[in-house]
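S.K.: whatever this is, show me its structure:
(2 chains)
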Amino acid sequence: MTFFIQLVVTGFAQGMVYALIAIGFVIILKCSEVFNIAQGHFVMIGGYLGYTFLVPLGLPVWASLLAAVVVAVFMGLVIERFTLRPLIGQPVLAVIMMTIALATVLSGLATLIWGAEYKAYHGLLPTIILKVGSISIPSESLIGLIVSVICVTLLMLLFRYTKIGLAMRATAEDLQVVQSLGIKATTVYAVSWIIACIVGVIGGILLGGISGANMVLADIGLKAFAVVLLGGVNSIGGAIFAGIILGMLENVAAGYLDPLLPGGGLAQVFPFIVMIIVLIFKPHGLFGLATIERI
Amino acid sequence: MLDVNNIEVAYMKVIQVLRGVSLKVDDGRIVALLGANGGGKTTTLKAISGLLKTEVGEVTNGSIQFNGKQIDRYGPEAIAAMGITQVMEGRRVLEHLSVEENLLVGAYCRKDKTAIKKDLEMVFDYFPYIQRLRRQVSGYLSGGEQQMLVIGRALMARPKLILLDEPSLGLAPLVVKEIYKIIHEINAGVKMAILVVEQNVKAALGIADYGYIMENGRIVLSGPAEILRDNEDIKEFYMGISTVGAKKSYRDVKHYKRKKRWLA
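M.R.: Take a look at the predicted model:
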């Protein structure tokens, strides 16, 4: 039983990081109906940025996070200005193709700068040891959990109570209406890409703290993809919930199923199996917003 | 205030919809733009508000002037900032936002917080029906309430000119009457110019100062509303009443047909 609870708790923390990354997806999808294939690559860049700021530059953790966020803001602005703004008004598919190109460019850049090597900075993030009874929560997971919860809360507050949040929610509903009222769609898009970059980069640093930074970190984007589909493509709450569920499933599967199968690795597949089963019964995902039908 | 000079509009550079449309809206006036479906009324409004550019349409000829400034090259956001707000056809509420949030989106570009609060109350004064629904999700409002909400949202932007596209669409006659009464009150109260596009000729000419009739991308008739109201052609083609105000008789039609046979 202790083993099970241990797995669930670790999974919960990891799931929160997935949720954070998935929110980046959802925000862009809501505002501009674009599926951002490059979201996982933001995570990878984040992992490498974390390494650069923590190890060669030797900055303290808070300064590293801050510096990474600054880089993320800059990255979001550049991406929006040069790759997406010229495509406003073009078919959504063209924009999705652009994000594929973006993914390739980002992995190319990472190879160029960091040499595609495995960079570990395990143990550099602060250690907090929490023990409840016989269950101990790993420090990295706990930090991931705390940072993710803070970020998600901040984002929720941003959407609910600020002017730009209102503009983003409005743009998600009807672009033409928003334009006819004088709200600049480009500003809204820029902010949504900046947020996507920030959550991606922060998620990258957190995951990098656990497993080190390498190119494989980009595959996390695929997992975030599963989270988004499971939670419902346009629901932030759904992304959080589904992220936690997937994190737990992955850990429990790793704990119980992997030892049974030679070679293991079922943990990587298990969340996707669950996703497919859920989508068969709920095609909108668990919390997808259905269009309002008046009767 | 608004001067549309002989504009031509084409979608995708191929499909020509407007073939030389000129119209004028003076300060604080209500102008009605009437006509059958596919005449180019909505396209005219979109050309003015700049929304044409979001639908691969383009003003290919002529110019649109607003307070002496040529605006037909600007995008919709810039034109909205100059003080022209379009209320699009079909009650485009932001479904998942509450009524109050919808109204606040209208005031997004304004900085004067206290005035926005006051205007919110003003909108609720004009439309008391939506006041008690202010926390409700707007997608679940009735058609009439949604129409009131989108007009109120445009008011929140404090424009100098509102472009109203078919406020009567799909609403019961009594609701249409109510909405037109309120539009008239708004025009009198806030001194906002209104350009209204309408199928419901009777309702629109009831409150308008001036009217234009469009057909196939051209203005075919225009004049002060009280003259248009009495025009025999308009009565016959757009209001469905014949000369004496009685319903048309089938005998007249038959008589006409017989005459035509002789000619042939």
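S.K.: use CA for all of it now, contacts and neighbours both
M.R.: OK.
S.K.: need the residues of the stretch 101-250 of chain B near chain A, please.
M.R.: Contact residues, the stretch 101-250 of chain B versus chain A (CA under 8 Å from any CA of the partner chain): B:101, B:105-106, B:108-109, B:139-140, B:154, B:157.
S.K.: if you set the cut-off to 10 Å instead, what comes out?
M.R.: Proximity of the stretch 101-250 of chain B to chain A is confined to B:101-102, B:104-110, B:137-143, B:150, B:153-154, B:156-157, B:159 under the rule CA under 10 Å from any CA of the partner chain.
S.K.: which of these are buried?
M.R.: B:101-102, B:104-109, B:137-141, B:143, B:150, B:153-154, B:156-157, B:159 (16 or more other CA atoms under 10 Å in any protein chain shown).
S.K.: who's in contact with A:Ile129?
M.R.: Under the criterion of CA atoms under 10 Å, 6 or more residues apart in numbering or on different chains, the neighbours of A:Ile129 are A:136-140, A:142.
S.K.: B:Arg19 now?
M.R.: Counting by CA under 10 Å, 6+ apart, B:Arg19 touches B:6-10, B:40, B:60-61, B:216-219.
S.K.: going along the chain, name the strands of the chain.
M.R.: Picked chain A for this. A:130-132, A:135-137 (DSSP state E).
S.K.: I was thinking of chain B, sorry if that wasn't clear
M.R.: Assigned by DSSP E, chain B shows strands spanning B:2-11, B:15-25, B:30-35, B:57-66, B:69-70, B:84-87, B:161-165, B:193-198, B:210-215, B:218-224.
S.K.: partners of the third one, with directions?
M.R.: Read it as strand B:30-35. Next to strand B:30-35 in the sheet, as set by DSSP bridges, lie strand B:193-198 (parallel), strand B:210-215 (parallel).
S.K.: so it versus strand B:161-165, what angle?
M.R.: 30 degrees (axes from the mean of the first three to the mean of the last three CA atoms, to 10 degrees).
S.K.: return the most buried member of the strands of chain B.
M.R.: strand B:84-87 (a mean of 29; mean count of other CA atoms under 10 Å in any protein chain shown).
S.K.: does that one reach chain A?
M.R.: Yes: counting by CA under 10 Å from any CA, chain A has neighbours in strand B:84-87: B:84-87.
S.K.: helices or strands up against that strand?
M.R.: Helices and strands touching strand B:84-87, by 3 or more CA pairs under 10 Å, 6 or more residues apart in numbering or on different chains; DSSP states H and E, are helix A:175-180, helix B:41-49, helix B:76-82, helix B:143-156, strand B:161-165, strand B:193-198.
S.K.: cutoff 8 Å now
M.R.: helix A:175-180, helix B:41-49, helix B:143-156, strand B:161-165 (3 or more CA pairs under 8 Å, 6 or more residues apart in numbering or on different chains; DSSP states H and E).
S.K.: and the ones you listed: which comes nearest A:Gly165?
M.R.: With CA to CA as the measure, helix A:175-180 is the member of the helices and strands packed on strand B:84-87 nearest A:Gly165 (13.1 Å).
S.K.: out of the buried ones among the residues of the stretch 101-250 of chain B next to chain A, list just those in helices.
M.R.: Judged by DSSP state H, the subset of those located in helices is B:101-102, B:104-106, B:143, B:150, B:153-154, B:156.
S.K.: can you show me the helices along the stretch 101-250 of chain A?
M.R.: Remark: helices assigned in the stretch 101-250 of chain A by DSSP state H, counting those that start in this stretch are A:139-161, A:163-173, A:175-180, A:185-211, A:220-231, A:236-256.
S.K.: could you list the residues of the stretch 51-200 of chain A in contact with chain B?
M.R.: Listed as neighbours of chain B in the stretch 51-200 of chain A under the rule CA under 8 Å from any CA: A:89, A:163, A:166-167, A:169-170, A:173-174, A:176-184.
S.K.: got the contact list for the nearest residue in space to B:Lys46 that is not next to it in sequence?
M.R.: The shortest distance from B:Lys46 to any residue other than its chain neighbours is 5.0 Å, reached at B:Leu52 (CA to CA, 6 or more residues apart in numbering or on different chains). By CA atoms under 8 Å, 6 or more residues apart in numbering or on different chains, the contact set of B:Leu52 is B:43, B:46, B:58.
S.K.: CSV please, covering these and showing distance to B:Phe127 and pLDDT.
M.R.: Converted to CSV, the contacts of B:Leu52 look like this (distance: CA to CA, whole Å; pLDDT from 0 to 100):
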residue, distance to B:Phe127, pLDDT
B:Thr43, 28, 94
B:Lys46, 26, 93
B:Glu58, 36, 88
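S.K.: and those, which is closest to A:Tyr48?
M.R.: So of the contacts of B:Leu52, ranked by how close each gets to A:Tyr48 (CA to CA), first place is B:Glu58, at 46.8 Å.
S.K.: I'd like the distance between that closest one and B:Asp3.
M.R.: 18 Å (CA to CA, to the nearest Å).
S.K.: neighbours around residue 217, how many?
M.R.: If you meant another chain, say so; for now it's chain A. 22 (other CA atoms under 10 Å in any protein chain shown).
S.K.: not quite, I wanted chain B
M.R.: Neighbour count of B:Gly217, defined by other CA under 10 Å: 21.
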